[in-house]
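Student: Take a look and give me a structure for this.
(one chain, ligands or ions: 1)
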Amino acid sequence: MDSNQTLPQIDIPRDMIHFGIGQPSNHLLPIKELERAADHCLSKENSFFLAYGESKGNANFRKTLSGFLTGYYPNPVDPEQLLITSGNSQALDFICTQFTSPGDTVLVEEPSYFLALKIFADHKLNLVGIPVDDDGIVTDVLKEKLETLKPSFLYTIPTYHNPASVTQSFKRRQELVEICAQKNLLVVADEVYHFLNYSDDPPPPMGNWIDTCPLISLGSFSKILAPGLRLGWMHTNIDLIKKMAKSGLLDSGGGFNPFTSEIVNSVISLGFLDTHIQRLKKVYRQRIKSFCDQLRMHLPEQAEFKVPTGGYFVWVKLSDGIDTNSFRKAANEQNVNFYPGTFFSHEKRLKNYMRLSFAFYDEDVLAEGARRLGKVILENFS
Ligand SMILES: Cc1ncc(COP(=O)(O)O)c(C=O)c1O
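Tutor: From the prediction side, this is the model:
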């Protein structure tokens with residue numbers, strides 16, 4: 001059992017199983033494919049990608065990426081609708097810079113991705129939560145909030161939500177877009193898990209509606225290739241692309257990541273990305289099944305969770321009396337860790353929830369982690 005894959009950037013004690021880690025296992029990072037892709041692009045005579053790039057991002061890559069997205073999405077994606085980013089975190093920070101001022105209100109889901117909440121806090125934004133149910137963001141509550149609020153944008157994670165693992169239904173997507181079109185409210189859809197479905201295809205990405213309401217769909221290579229690449233994209237209408245491309249940052253530095261873009265351009269052109277996504281889905285599908293079986297076996301009967309149909313996370317609701325912050329402290333003593341529900345609530349609610357990622361560890365380590373969690377609950381909370 002290898003629970004000690006090297007993670008130099010995260011300070012995790014040896015033997016600790018940390019269910020907070022939201023990245024692929026080391027053995028799922030495609031080093032050989034990237035080596036071949038780098039050789040492929042560096043052996044070309046042309047070195048344009050070592051110069052400052054076009055503000056919207058490497059044009060060669062935007063064309064290849066549009067072809068890739070068109071293959072997965074129900075509608076064609078035009079390269080002019082894409083702006084290359086350094087991943088979704090950077091894109092969120094950039095959007096805050098472009099579209100908000102300190103003190104502005106931003107609508108977030110409750111729960112939401114805890115590090116997006118941190119980025120919004122960096123920009124001194126005032127957050128208002130909209131609940132999420134099994135069909136995604138609750139549009140009736142959104143409508144009500146918009147009667148009095150004038151937010152700068154709404155942040156949503158429509159597909160295989162982090163942490164709740166739910167997917168916004170097609171109907172909800174349409175309602176959301178209708179409401180936001182009427183109010184001229186910018187929707188920022190973080191679609192980082194869109195390609196990682198383990199059963200049926202998800203509904204169309206929010207990028208489908210970029211001409212219906214102000215909407216930016218964010219995509220990233222972090223979960224489908226490697227987070228260290230720091231590469232992603234915005235998919236939005238051409239007017240918004242033009243506006244963002246005029247920013248001081250892009251004017252001064254040129255487009256984001258032209259060199260990495262060229263390498264990933266080769267990854268896609270050589271056919272490695274499609275194959276890699278299929279491989280990830282196969283591994284994760286199997287992991288989810290065995291991990292959820294183990295959780296059912298070791299967690300108390302009252303623990304509630306749905307078997308994820310995509311993404312990275314199992315979102316577990318424990319009995320009301322269990323505060324997962326205290327549970328986490330006790331769990332640390334037994335060499336197991338996770339992120340408690342309060343991390344994902346801008347108001348520090350959801351005390352009896354925990355998020356467990358199955359992306360990093362293999363089945364045997366996940367099983368041992370589930371056993372440790374069960375033991376801690378049994379010894380401390382029953
Ligand atoms: C919802 C969500 N958005 C963004 C990110 C970070 O994306 P990136 O690596 O592209 O910055 C993550 C990673 O866990 C995530 O879960």
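Student: Can you name the next helix or strand after the helix or strand containing residue 116?
Tutor: For residue 116, the enclosing helix or strand under DSSP states H and E is helix 114-122. Following helix 114-122 in sequence order, the next helix or strand is strand 126-133 (DSSP H and E).
Student: Check the burial of residue 131 by counting its neighbours.
Tutor: By the criterion of other Cβ atoms under 10 Å, residue 131 has 12 neighbours. Where C-beta positions appear, they are placed from N, C-alpha and C, glycine not excepted.
Student: Is it bridged to anything, and to what?
Tutor: residue 110 (DSSP bridges).
Student: ok, back up a step: against which helices or strands is the helix holding residue 116 packed?
Tutor: Using 3 or more Cβ pairs under 8 Å, 6 or more residues apart in numbering; DSSP states H and E, the elements in contact with helix 114-122 are helix 88-99, strand 105-110.
Student: Output that helix as PDB - backbone C-alpha positions only.
Tutor: In PDB, the C-alpha atoms belonging to helix 114-122 read as follows (Å, rounded to 0.1, in the frame of the first residue of the first chain):
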ATOM      1  CA  PHE A 114     -13.400  26.500  -0.700                       C
ATOM      2  CA  LEU A 115     -10.400  27.900  -2.600                       C
ATOM      3  CA  ALA A 116     -12.700  29.900  -4.900                       C
ATOM      4  CA  LEU A 117     -14.100  31.400  -1.800                       C
ATOM      5  CA  LYS A 118     -10.600  32.300  -0.800                       C
ATOM      6  CA  ILE A 119      -9.900  34.000  -4.100                       C
ATOM      7  CA  PHE A 120     -13.100  36.000  -3.700                       C
ATOM      8  CA  ALA A 121     -12.000  37.000  -0.200                       C
ATOM      9  CA  ASP A 122      -8.600  38.200  -1.700                       C
END
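Student: buried stuff in it?
Tutor: Within helix 114-122, the residues scored as buried using 16 or more other Cβ atoms under 10 Å are 114, 116, 117, 119, 120.
Student: that older thread, the ligand is nearest to which of the helices and strands packed on helix 114-122?
Tutor: helix 88-99 (3.3 Å; Cβ to the nearest ligand atom).
Student: Any part of the closest one near the ligand?
Tutor: Yes. Residues of helix 88-99 contacting the ligand under Cβ under 6 Å from any ligand atom: 88, 89.
Student: Report all helices and strands that that helix contacts.
Tutor: Contacts defined by 3+ Cβ pairs under 8 Å, 6+ apart place helix 88-99 against helix 114-122, strand 153-156, strand 186-190, strand 215-220, strand 232-235, helix 238-245.
Student: Thanks again, I'm all set now.
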